[in-house]
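A.B. asks: fold the following, please.
(one chain, ligands or ions: 1)
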Amino acid sequence: MSKNEDSLHWADQMARAIVEREQTEPKLREIVKEKGYIVYDEKTPSGSIHIGSGRGWVIHDAIAKALRDLGVKAKFVLSSDDMDPYDKANKDLPESFDQYLGMPFRNIPSPVQGYKSFADYYFKQVTEKFKDFGIQCELESTGERYIKGDFNSAIKTVLDNFDKIQAIYERFYGEKPNTLFFNPICEKCGKIGTTWAYEWDTVNEVLKYKCMKNHVKWAEGCGHEGEMSPYNGNGKLPWKVEWAAKWPTVGAACELAGKDHFTHGGSRSIAIAIADEIFDFPPPYPSTRKNIGKGYEFFTVGGKKMSTSKGAGIGFAEATEYAPAHILRYLLVSTRPHAVIDFDPVNKNDLILLHERFDKTERIYFGVEEASDSEVAKNKRIYELSHVGKIPSKMPIQIPFSFAAIIIQVVLDVDKAIELLKKLKHIPKDAEKHDLKELIERLKFAENWVKEFAPEQYVFKINEKVPDDVKAKIEPKQLECLFKVKAYLKEHDEVDEKLLYDQFYNIARSVDINPAELFRAAYYVLIGKEKGPKLANFIVTLGKEKVIELIEQL
Ligand SMILES: [Zn+2]
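C.D. replies: This next block holds a predicted model:
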């Protein structure tokens with residue numbers, strides 16, 4: 001890789017590698033010519049989907065955008081693996097749902113009214129948020145593809161090549177599976193997880209199967225024995241074989257997955273062998289016929305690994321309660337996929353720091369903040385790839401998140417916060433509603449943050465009256481300082497933050513105490529705590545009248 005390429009954004013590097021690879025694979029080239037580059041991902045809608053999967057969606061969306069920026073046709077396609085069997089009771093649902101264990105998700109009723117099925121409900125729970133995350137993608141259903149017959153040819157290839165696939169499994173796992181690589185949906189009980197296919201008639205293309213009582217631990221079959229065509233949605237390929245079959249069927253040029261899929265002998269390596277040896281089709285980037293490549297790293301929130309199987313961590317759909325979607329997207333786009341992300345918005349200042357990073361990138365993008373050429377290039381590309389919606393022609397108004405949190409606690413209302421910010425000249429007086437869209441969102445988010453999960457040091461309430469226990473804590477010298485501060489405020493119509501700050505030190509020196517003592521006394525009086533926001537700025541924000549009023553109560 002040349003130095004120039006090394007400085008490219010990771011999505012641009014990947015896009016280039018994808019285009020390069022297509023040149024060496026005639027089968028892929030044919031598909032690309034017809035459909036463009038398909039950046040593909042898939043998800044089983046078994047329940048609430050975790051934020052870890054959201055990392056994959058943002059990565060795939062960014063790669064598809066980077067491909068389009070190279071001037072080629074490309075799109076991100078996400079499929080709902082809704083033919084998969086319900087194989088583990090969903091703890092969020094009543095026990096009555098246990099009767100559906102073993103059935104395909106698309107054939108189970110939705111737990112909530114207004115959705116076509118269980119699969120539809122859980123899939124939409126996340127895809128309805130895609131707009132907020134700026135994820136542009138085409139949604140499809142693996143089940144629909146089975147029904148339409150898209151997989152028919154792959155199914156025949158798999159069943160005809162039973163011995164070869166069996167040998168691949170043996171190579172990886174040391175033993176041969178004794179079942180054909182197809183799971184029929186039992187015609188009697190509708191379960192797909194319980195069936196065992198044991199005979200394939202290659203001439204008549206029918207499959208004999210039995211619905212087994214004890215085939216799997218999590219579901220019980222009905223005992224029905226029958227024969228059926230495996231085509232047009234009568235069943236599905238087992239997961240690892242299906243993964244390989246999807247690549248030529250949908251024409252995937254790129255499909256990343258979490259690194260847990262990329263272990264040797266894991267699902268990706270089996271799928272690669274089947275794609276190469278049975279379908280003679282190159283597995284999608286970052287894999288090649290011979291190399292597995294690398295999966296993306298875990299995305300952890302609050303230190304907990306995001307894993308659906310463990311049922312731990314925050315869901316993708318609820319993540320926006322903890323951080324705004326566009327800020328999460330920025331986090332994912334600005335971080336290389338191979339780096340672990342441990343984001344902790346609760347009881348830490350991660351959210352403040354992330355907003356600061358975002359704001360800096362935005363300022364560099366709009367040329368408001370100076371940076372080296374390479375930093376400018378890097379930040380511009382991150383901003384382009386992470387921006388949700390159309391990039392505005394002028395820089396949005398920026399108020400640091402930490403200050404937004406202070407303002408909202410001073411005035412307790414978003415409209416009043418805007419008024420105060422105008423009065424304090426932090427934003428232009430004539431700013432219109434559409435100029436303030438981002439700011440209003442930020443204030444609302446800050447409001448929720450201080451209410452729900454900000455660390456204690458960022459949370460305060462302005463005293464209406466100075467409580468007696470606070471009065472008792474103020475030492476005579478501190479009191480003297482506060483009176484001097486009050487006198488200073490009274491003397492000055494317009495209080496300048498910088499001058500006020502200097503004044504604190506003059507006052508502390510004049511009564512011979514450490515300035516920290518003055519600050520502590522002031523915080524006690526204003527908010528009943530030892531510490532608080534930077535005092536000079538805080539007093540200006542609060543308004544000197546309120547401060548004078550409180551000091552006068554001492
Ligand atoms: Zn059955």
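
A.B. asks: okay, CA-based contacts and neighbour counts for the rest of this
C.D. replies: Fine.

A.B. asks: residues touching the nearest residue to K259 once chain neighbours are set aside, list them.
C.D. replies: Spatial nearest neighbour of K259, chain neighbours left out: G295 (4.0 Å); criterion: CA to CA, 6 or more residues apart in numbering. Contact partners of G295, counting by CA atoms under 8 Å, 6 or more residues apart in numbering, are 256-262, 338.

A.B. asks: the ion: which of the residues you listed is nearest?
C.D. replies: H261 (30.9 Å; CA to the ion).

A.B. asks: let's verify the closest one: helix, strand, or coil?
C.D. replies: The three-state label given to H261 by DSSP: H, G, I helix; E, B strand; the rest coil is helix.

A.B. asks: state the distance from the residue nearest to K259 to the ion.
C.D. replies: 37 Å (CA to the ion, to the nearest Å).

A.B. asks: and the pLDDT at that residue?
C.D. replies: According to the prediction, G295 has pLDDT 94.

A.B. asks: can you show me the strands along the stretch 401-550 of the chain?
C.D. replies: Shown for the stretch 401-550 of the chain, no strands are assigned by DSSP state E, counting those that start in this stretch.

A.B. asks: give me every residue that touches the residue nearest to F316 when sequence neighbours are not counted.
C.D. replies: Nearest-residue entry for F316: I51, 4.0 Å, with adjacent residues in sequence omitted and distances by CA to CA, 6+ apart. Contacts for I51 were tallied using CA under 8 Å, 6+ apart; they are 299-300, 306, 314-317, 319.

A.B. asks: check what pLDDT I51 gets.
C.D. replies: 87.

A.B. asks: low-confidence regions, this structure specifically.
C.D. replies: 1-6, 302-313 (pLDDT under 70).

A.B. asks: near the ion, which residues of it show up?
C.D. replies: Selection of the chain residues close to the ion by CA under 5 Å from the ion yields 186, 189, 211, 221-222.

A.B. asks: show me the contact partners of whichever strand or helix holds I38.
C.D. replies: According to DSSP states H and E, I38 maps onto strand 37-43. Outside strand 37-43, the residues that touch it by CA under 8 Å, 6+ apart are 32, 56-57, 60, 63-64, 72-81, 250-257.

A.B. asks: output it as CSV, restricted to C-alpha atoms.
C.D. replies: Provided in CSV are the C-alpha atoms of strand 37-43 (Å, rounded to 0.1, in the frame of the first residue of the first chain):
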residue,chain,number,x,y,z
TYR,A,37,-21.5,-3.5,-6.4
ILE,A,38,-23.7,-5.2,-3.8
VAL,A,39,-22.5,-4.4,-0.3
TYR,A,40,-24.4,-7.1,1.6
ASP,A,41,-25.3,-7.8,5.2
GLU,A,42,-27.9,-9.9,6.9
LYS,A,43,-29.5,-10.3,10.4
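
A.B. asks: isn't Y169 up against F181?
C.D. replies: No: taking CA atoms under 8 Å as the definition, Y169 is not a contact partner of F181, at 11.0 Å.

A.B. asks: what's the burial count for the residue in the stretch 351-500 of the chain that the ion sits nearest to?
C.D. replies: Using CA to the ion, the single residue of the stretch 351-500 of the chain nearest to the ion is V388, 47.4 Å away. By the measure other CA atoms under 10 Å, the count of residues near V388 is 18.

A.B. asks: now it, nearest residue through space, not along the chain?
C.D. replies: Looking at V388 with CA to CA, 6+ apart, the closest residue is G134, at 4.6 Å.

A.B. asks: against the ion, how distant is the one you found?
C.D. replies: From G134 to the ion the distance is 43 Å (CA to the ion).

A.B. asks: my read: that residue touches I391, true?
C.D. replies: No: using CA under 8 Å, G134 makes no contact with I391, being 11.7 Å away.

A.B. asks: neighbour count winner among those two?
C.D. replies: Neighbours were counted for G134 and for I391 using other CA under 10 Å; G134 has more, 20 against 11.

A.B. asks: for that one, list the residues it contacts.
C.D. replies: Applying CA under 8 Å, 6+ apart, we find G134 in contact with 326, 329, 386-389.

A.B. asks: what about Y169 and F181, which has more around it?
C.D. replies: Using other CA under 10 Å, the more surrounded residue of Y169 and F181 is F181, with 24 against 18.

A.B. asks: highest neighbour count among the contacts of G295?
C.D. replies: That'd be L256 among the contacts of G295, by other CA under 10 Å, with 25 neighbours.

A.B. asks: quick check: which element contains that residue?
C.D. replies: Applying DSSP H and E, one finds L256 in no helix or strand.

A.B. asks: now it: closest residue in space, sequence neighbours ignored.
C.D. replies: That would be G295: by CA to CA, 6+ apart, it lies 6.0 Å from L256.

A.B. asks: tell me the secondary structure for N204?
C.D. replies: Under three-state DSSP, the three-state class of N204 is coil.

A.B. asks: from the contacts of G134, list just the buried residues.
C.D. replies: Among the contacts of G134, those classed as buried by 16 or more other CA atoms under 10 Å are 326, 329, 386-388.

A.B. asks: sitting in helices, which of these do you find?
C.D. replies: 326, 329, 386 (DSSP state H).

A.B. asks: would you mind measuring from the closest residue to the last one other than its chain neighbours to the ion?
C.D. replies: To tie it back to what came earlier, the one meant is S386. Distances taken as CA to CA, 6+ apart put Y330 closest to S386, at 5.1 Å, once the chain neighbours are dropped. Going from Y330 to the ion by CA to the ion gives 48 Å.
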